[in-house]
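Asker: just coords:
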């Protein structure tokens, strides 16, 4: 007898398997999509800690990603070996998030949202004007990975998949541990959580650090993959909004939601990029609007039976 | 460059900033929504003014009220159809929704208007008072910005609609019990926010070139000014705008222009943590 949990586990294993097998089965274009999916899945899983579990509307993903890019790139350019540079980026971003979280997590709601967006802007401006270290607006060239294009794509894919897997495993652990429970309490009522003995400050900082950690690694690996980074691309507000939208699309605060959302979103985006180049931004905006109105709690929480039932008067008054 | 000149430059910039931020602040204060569309509204206002001047030969000062009314209608409709449905949702939902709407508007503007920087050239010469050199179009821009901000203040203080908006801001339920149609007031407020953005864009197009790439910059300024001055009040936006204009003007002179913007954001982050109600905000009001 298969339970829901078995089906979910099988589905995730199958999804990882498909992504991992793309180098054997498909061309470089498909591998690139698989890499993008793994990359965004890892970032969506990360954002889920602070935005999904703890319910804090964080828009600082791009800051973590961008700092990861730059620390990885600068470390490599100064002769640090590849893997060490990636690890360094991860550690740096995590420390940054802990320090920042201690300050900014005192804010709530709208002020937190604005503050987290401002962080992205500040870091971007500092990176753009610190020309001596970061190359300023000209950007930085990053040493290329060894091997031909096929080799590079395959390597990057497996590294990104490993990061995604790590983020997923940590999500499962947090979901079952005290931390996950505490974060859900904070999300529902922070004052009450504080009253029953949850150390809200420490829990929130832990969630914020977790939301940064994998983004740092992803950023560093991304920099090595594309070989060139600049401030506008690395610190885009669009990234900061896209990642939460992916999580909302799948289902915020769930274990599988971020993976489903990131996969669906990247494939939709790829389709629209390929077919409606000029209008892709408007179409993405349209998807967001659609999502907010018709899938407010995500694909996972969709009530399929209700979709096909005629609306009763009670539902209508609820909706109004 | 002497201090007086920097101060006057800062005042001109500050007046424009106040005009930019006042609509954003109103929407945030009354509807509790961070309106990511605001930057695009400003640019749209600037473009419409430019096109009215370029193709129809309309004087920007005559075009301004028309553009402002168009933006009001756009804001009213957007709020009525979309945003009213989620107006009580958490900030993540409302911010994401307005960001999605902004992506659509932005895309429409880049396709139909292109991203070429455009500016209305009035060529009115410049004045020299006590060694301070002031191009006349800037002086006019500043005067218009003050006029618009003052006008909004009067409307909020003295008109029935203004009083109703303030009532809804203070207590939504009580306002509804007093017979105010809250949803309509929300739509009107959002419309006024868009109207002020459009008017600010029109003023901007007289003084500086506008292009779609600036939407993010304007939005960022609005954030900073709201946090500096405090939310939802016209005087707050005025103080915040003037403060930011003067600070940026001096910082640009001392540290170099590229650091002036960073300073604004850093100041905002510090104020957020130290004094989230703003310099003249009401304590305990979010």
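Answerer: Cool, the structure landed. Because the structure is predicted, anything quoted here is derived from the model rather than measured.

Asker: what helices and strands are in contact with the strand or helix carrying residue A:289?
Answerer: Assigned by DSSP states H and E, residue A:289 falls within helix A:280-294. Here helix A:280-294 touches helix A:237-250, helix A:257-275, helix B:91-113, going by 3 or more CB pairs under 8 Å, 6 or more residues apart in numbering or on different chains; DSSP states H and E. Placement of C-beta: from N, CA and C, glycine included.

Asker: which non-adjacent residue is nearest the residue positioned nearest the centre of chain A?
Answerer: The residue lying closest to the centre of chain A (CA atoms, centre = their mean) is residue A:43, at 2.0 Å. Spatial nearest neighbour of residue A:43, chain neighbours left out: residue A:243 (5.0 Å); criterion: CB to CB, 6 or more residues apart in numbering or on different chains.

Asker: just to revisit the earlier point, so how far is chain B from the residue nearest to the centre of chain A?
Answerer: Taking CB to the nearest CB, to the nearest Å as the measure, residue A:43 falls 16 Å from chain B.

Asker: and that residue, which helix or strand is it part of?
Answerer: Here residue A:43 is assigned to helix A:28-47, by DSSP H and E.

Asker: now that helix against helix A:237-250, angle please.
Answerer: Orientation check (axes from the mean of the first three to the mean of the last three CA atoms, to 10 degrees): helix A:28-47 against helix A:237-250 gives 80 degrees.

Asker: could you pull up the mean pLDDT of the strand or helix carrying residue B:138?
Answerer: Assigned by DSSP H and E, residue B:138 falls within helix B:136-158. Helix B:136-158 comes out with an average pLDDT of 89.

Asker: the helix or strand just after that helix - contacts with which helices or strands?
Answerer: For helix B:136-158, the following helix or strand on the C-terminal side (DSSP H and E) is helix B:160-170. Applying 3+ CB pairs under 8 Å, 6+ apart, we find helix B:160-170 packed against helix B:3-31, helix B:136-158, helix B:172-177, helix B:182-207.

Asker: can you list the helices and strands packed on helix A:280-294 in TSV and add mean neighbour count and distance to residue B:62?
Answerer: Putting the helices and strands packed on helix A:280-294 into TSV (neighbours: other CB atoms under 10 Å in any protein chain shown; distance: least, CB to CB, whole Å) gives the following:
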stretch	mean neighbour count	distance to residue B:62
helix A:237-250	24	36
helix A:257-275	20	41
helix B:91-113	21	21
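
Asker: mean pLDDT and distance to residue B:241 added to the ones you listed, as JSON lines?
Answerer: JSON lines is the format used below for these (pLDDT from 0 to 100; distance: least, CB to CB, whole Å):
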{"stretch": "helix A:237-250", "mean pLDDT": "91", "distance to residue B:241": "22"}
{"stretch": "helix A:257-275", "mean pLDDT": "90", "distance to residue B:241": "37"}
{"stretch": "helix B:91-113", "mean pLDDT": "91", "distance to residue B:241": "22"}
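
Asker: what about the chain, any weak spots by pLDDT?
Answerer: Chain wasn't specified; assuming chain A. Counting by pLDDT under 70, chain A contains low-confidence ranges at A:1-2, A:303-320.

Asker: switch to chain B, that's the one I care about
Answerer: Where chain B drops to pLDDT under 70, the residues are B:1, B:276-286.

Asker: contacting residues for residue 64?
Answerer: Let's take chain A. Contacts for residue A:64 (CB atoms under 8 Å, 6 or more residues apart in numbering or on different chains) come out as A:46, A:93, A:96, A:97, A:211, A:212, A:215, A:216, A:219.

Asker: try again with chain B
Answerer: Residue B:64 makes contact with B:49, B:144, B:199, B:202, B:203, according to CB under 8 Å, 6+ apart.

Asker: swap in 7 Å and give it another go.
Answerer: Counting by CB atoms under 7 Å, 6 or more residues apart in numbering or on different chains, residue B:64 touches B:49, B:199, B:202.

Asker: likewise for residue A:302?
Answerer: Shown in contact with residue A:302 (CB under 7 Å, 6+ apart): residue A:295.

Asker: part of a helix, is it?
Answerer: No - assessed with DSSP: H, G, I helix; E, B strand; the rest coil, residue A:302 is coil; it does not lie in a helix.

Asker: leaving out chain neighbours, which residue sits closest to the residue of the stretch 101-250 of chain B found nearest chain A?
Answerer: Nearest residue of the stretch 101-250 of chain B to chain A: residue B:103, at 3.0 Å (CB to the nearest CB). Using CB to CB, 6+ apart and skipping residues adjacent in sequence, the residue nearest residue B:103 is residue A:285, 3.0 Å away.

Asker: pretty sure the one you found contacts residue B:108?
Answerer: No - in this structure, residue A:285 is not within contact of residue B:108 by CB atoms under 7 Å, at 9.8 Å.

Asker: what does chain A put close to chain B?
Answerer: Residues of chain A found near chain B (CB under 7 Å from any CB of the partner chain) are A:51, A:57, A:103, A:106-107, A:109-111, A:113-115, A:118, A:121-122, A:125-126, A:129, A:237, A:241, A:244-245, A:278-279, A:281-282, A:284-286, A:288-289, A:292-293.

Asker: pull out the buried residues from these.
Answerer: A:51, A:57, A:107, A:110-111, A:113-115, A:118, A:121-122, A:125-126, A:129, A:237, A:241, A:244-245, A:279, A:281-282, A:284-286, A:288-289, A:292 (16 or more other CB atoms under 10 Å in any protein chain shown).

Asker: the residue nearest to residue B:263 when sequence neighbours are not counted sits in which helix or strand?
Answerer: In space, residue B:263 comes closest to residue B:251 once its chain neighbours are excluded; the distance is 4.7 Å by CB to CB, 6+ apart. Per DSSP H and E: residue B:251 is located in helix B:234-255.

Asker: after that helix, next one along is what?
Answerer: Using DSSP H and E, the helix or strand that follows helix B:234-255 towards the C-terminus is helix B:257-274.

Asker: what is the orientation angle of that following helix with helix B:234-255?
Answerer: 140 degrees.

Asker: next, the angle helix B:3-31 makes with helix B:257-274.
Answerer: Following the same axes, to 10 degrees, one obtains 40 degrees for the angle between helix B:257-274 and helix B:3-31.

Asker: what residues does helix B:257-274 touch?
Answerer: By CB under 7 Å, 6+ apart, helix B:257-274 touches A:103, A:106-107, A:111, A:115, A:118, A:121-122, A:125-126, A:129, B:223-224, B:227-228, B:244, B:247-248, B:251-252.

Asker: hang on, the earlier thing: next, the buried residues of the helix holding residue B:138.
Answerer: B:137-142, B:144-146, B:148-149, B:152-153, B:156.

Asker: next one: stretch B:128-138
Answerer: Neighbour counts over stretch B:128-138 (16+ other CB under 10 Å) mark B:134, B:135, B:137, B:138 as buried.

Asker: can you list the residues of the stretch 1-150 of chain B near chain A?
Answerer: Neighbours of chain A within the stretch 1-150 of chain B, by CB under 7 Å from any CB: B:32, B:34, B:82, B:85-86, B:90-93, B:95-97, B:99-101, B:103-104, B:106-108, B:111.

Asker: try 6 Å this time
Answerer: Residues of the stretch 1-150 of chain B lying near chain A by CB under 6 Å from any CB of the partner chain: B:34, B:91, B:92, B:93, B:95, B:97, B:99, B:100, B:103, B:104, B:107.
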